[in-house]
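S.K.: sequence and predicted model, in that order:
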Amino acid sequence: MGSIFLGCVGSSSKVQSSNSGRPKKRTIPKTQRADKGKTMAAAASRTFFHGCHCFFHNQRLLLSLSSSPSFLTNLPTLLLPHTRRLRPFSSSSSSSSSSSSVNETLPIHEPGKESLLRRRFNVVEILEQRGLLESLTSDNLKSACSDPNLPPLRVYCGFDPTAESLHLGNLLGIVVLSWFLRCGHKAVALVGGATGRVGDPSGKSLERPELDALTLEKNAAGIAYTVRRILGQNATEEDSFVVLDNYDWWKDFRLLDFLKQVGRYARVGTMLSKESVRRRVESEQGMSFTEFTYQLLQGYDFVYLFEKEGVNVQIGGSDQWGNITAGTDLIHKILQADGAYGLTFPLLLKSDGTKFGKSEEGAIWLSPSLLSPYKFYQHFFSIPDADVSRFLKTLTFLSLEEIAELEREMKRPDYVPNTAQKRLAEEVTRFVHGEEGLQEALKATEALRPGAETRLDWETIERLAGDVPSCSMPYHEVLDLSLVDLSVSTGLLDTKSAARRLLKQGGLYLNNSRVDSEGKKVEAEDIVDGKILLLSAGKKNKLVVRIS
Ligand SMILES: Nc1ncnc2c1ncn2[C@@H]1O[C@H](COP(=O)(O)OP(=O)(O)OP(=O)(O)O)[C@@H](O)[C@H]1O
Ligand SMILES: N[C@@H](Cc1ccc(O)cc1)C(=O)O
């Protein structure tokens, strides 16, 4: 498995100019706020204000909590007035139909809740400390996110349905949304049912292949389900997030209205200067007009969400900077409103420096139907020591103190290898697949460990068959066959001499029990529940044999 690392994690974040594709260290100039802007801002503010929650703490309490092992995992339970489970936005529907998703508006403000407002944890500082902050459109977000006199922020992150599942790279967006939720803010996960039809050119050297409507709908439903599941099982506050689909507001938007309401405010020079456009325009293939317009679609999404849902922060990977600033610019120009922010986080990169994306090879899928919790867990369990600390900071909610302690442990002579990886694998698997998924992964890991005491049953091995190679053989061919021959005829090992060598070294296993004798043959009682066998060559190379 290739190692992965987070690229360009700066010690301090940049505040970038919104107009150019290149980072500049200056803040967005304040536009003059016209009456219309005031109305919008007030409307946005009104919607933000409902259901807000708070943290009863002072600096001392924060410090003492931050030294507890998983203070922010437990933080809502410790500090929030409400500890109810989230109302199942997440499970109320298992698929997202675009028309129903738009009805999932965040609830209306409950009067009297403002009095509960206290100083909040500063989510931007937390992200910065954990290497999850690349750039901000304005430093004002740092104060806006922790000011007790302001309503909670509403933050959104978009995901285009270009595959049926999200992947590890997308998980960063969900983690960042989750940090906002943990710090008392509200979140919107946006599925790009419309933008997925256009294709984001950001970070792509070639035009994306067009997907048919049915595939897009299926993918959108899968992604909405995954985000709801993950945020739902990790949020403790009812009504703190919704999942929307931008097809809902794009499907009836007519071209002439778009040109009048949006296109008129967009400057072609600015659009051309975006990183995603410049690179493609200079390429041999060039860029279609369709993909060129992408930034305006995502830009208008922010305008729409700002106006209708009171969303005032958009987050995304650093490749999204151009699209996010297209949105803040349009909010300034169309609505003449301040108070919209963009925040990007560094991309999770593979060891070859390429973005870990869903259309790349070897994606670590978040959907259990594409990658079992066991395989997901194993991925993190096998991460090189050099990457563990960064992954703990960016993908888990463990306190920095606890991570530092794990780092210290790793340097001790009596350190048990993979202890930190185990913790990482447990935390990330629980976050993505829930406690049940984690237990499934742990059970499978134990069952697959050569020499494990666990008695294997047919169901356990059958479940593993999705994760390891498998084959079928008739009962009469398997019975009495030597293990050496079986290893070769099933393709587990290439040659009989390789099988004999491994057996002598003690590396050949049948149903987790070491095969000691070259003469060992398959007996009726070796066939688990009369249906299945598990062969292992060493720790990692496994094969399931179904008996037909
Ligand atoms: N490797 C990554 N690291 C951090 N964020 C990522 C990564 N890949 C995608 N994202 C973020 O996930 C969000 C959704 O991205 P998107 O839907 O384009 O997925 P994608 O995996 O990049 O798709 P594709 O591979 O088709 O470009 C964006 O904010 C994007 O920046
Ligand atoms: N452009 C984003 C997805 C997205 C779509 C619509 C938005 O409004 C926001 C984000 C991506 O491909 O990564």
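M.R.: In hand now; what should we look at? Numbering: from 1, shown residues only. Ligands and ions are numbered 1, 2, ... in the order given.

S.K.: up against ligand 2, what does the stretch 301-450 of the chain have?
M.R.: 301, 320, 323 (Cβ under 6 Å from any ligand atom). Heads up, the C-betas are built off the backbone N, CA and C, glycines and all.

S.K.: tell me the SS of the second one?
M.R.: Following DSSP: H, G, I helix; E, B strand; the rest coil, we place Gln320 in the helix state.

S.K.: where does it land on pLDDT?
M.R.: Among the per-residue scores, Gln320 shows a pLDDT of 96.

S.K.: for the first one, same thing?
M.R.: Among the per-residue scores, Asp301 holds a pLDDT of 98.

S.K.: tell me which helix or strand the most centrally placed residue in the chain sits in.
M.R.: Note on the chain: the residue nearest the mean C-alpha position is Leu171, at 1.1 Å, using Cα atoms, centre = their mean. Element membership for Leu171 (DSSP states H and E) is helix 168-182.

S.K.: distance check, the residue nearest to the centre of the chain against Leu177.
M.R.: As judged by Cβ to Cβ, to the nearest Å, Leu171 and Leu177 stand 10 Å apart.

S.K.: repeat that for Ser517.
M.R.: Ser517 is 56 Å from Leu177, where distance means Cβ to Cβ.

S.K.: more neighbours, the two?
M.R.: More crowded of Ser517 and Leu177, by other Cβ atoms under 10 Å: Leu177, with 26 against 9.

S.K.: wait, what's in contact with the spatially closest residue to that one that is not a sequence neighbour?
M.R.: Distances taken as Cβ to Cβ, 6 or more residues apart in numbering place Ala187 nearest to Leu177, at 4.4 Å, with adjacent residues excluded. Listed by Cβ atoms under 8 Å, 6 or more residues apart in numbering, the contact set of Ala187 reads 154-157, 177-178, 180-181, 231, 240-242.

S.K.: make JSON lines out of these and add distance to Phe253.
M.R.: Putting these into JSON lines (distance: Cβ to Cβ, whole Å) gives the following:
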{"residue": "Arg154", "distance to Phe253": "22"}
{"residue": "Val155", "distance to Phe253": "24"}
{"residue": "Tyr156", "distance to Phe253": "19"}
{"residue": "Cys157", "distance to Phe253": "22"}
{"residue": "Leu177", "distance to Phe253": "26"}
{"residue": "Ser178", "distance to Phe253": "31"}
{"residue": "Phe180", "distance to Phe253": "28"}
{"residue": "Leu181", "distance to Phe253": "30"}
{"residue": "Leu231", "distance to Phe253": "28"}
{"residue": "Ser240", "distance to Phe253": "29"}
{"residue": "Phe241", "distance to Phe253": "25"}
{"residue": "Val242", "distance to Phe253": "21"}
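
S.K.: need the contact list for the residue in the stretch 301-450 of the chain that ligand 1 sits nearest to.
M.R.: Per Cβ to the nearest ligand atom, Gly317 is where the stretch 301-450 of the chain lies closest to ligand 1, at 2.3 Å. By Cβ under 8 Å, 6+ apart, the contact list for Gly317 reads 169, 172-173, 344-347, 355.

S.K.: in the sheet, which residues pair with it? Tell me.
M.R.: Legend: beta-bridge partners of Gly317 under DSSP bridges are Phe345.

S.K.: the top helix by length along the chain: what's the following helix or strand?
M.R.: Longest helix in the chain by number of residues (criterion: DSSP state H): helix 419-447. Downstream of helix 419-447, the first helix or strand assigned by DSSP H and E is helix 458-464.

S.K.: residue contacts, the closest residue in space to Leu481 that isn't next to it in sequence?
M.R.: Spatially, and ignoring its direct neighbours in sequence, Leu481 is nearest to Val522 (5.3 Å; Cβ to Cβ, 6+ apart). When contacts are counted by Cβ under 8 Å, 6+ apart, Val522 is found next to 478-481, 483, 486, 510, 533.

S.K.: wait, which of those residues is closest to ligand 2?
M.R.: Among those, Leu533 lies closest to ligand 2 (Cβ to the nearest ligand atom), at 44.5 Å.

S.K.: now the closest one: which helix or strand?
M.R.: Using DSSP H and E, the element containing Leu533 is strand 532-537.

S.K.: any weak-confidence spans in this structure?
M.R.: 1-119, 238, 350-352, 358-361, 451-454 (pLDDT under 70).
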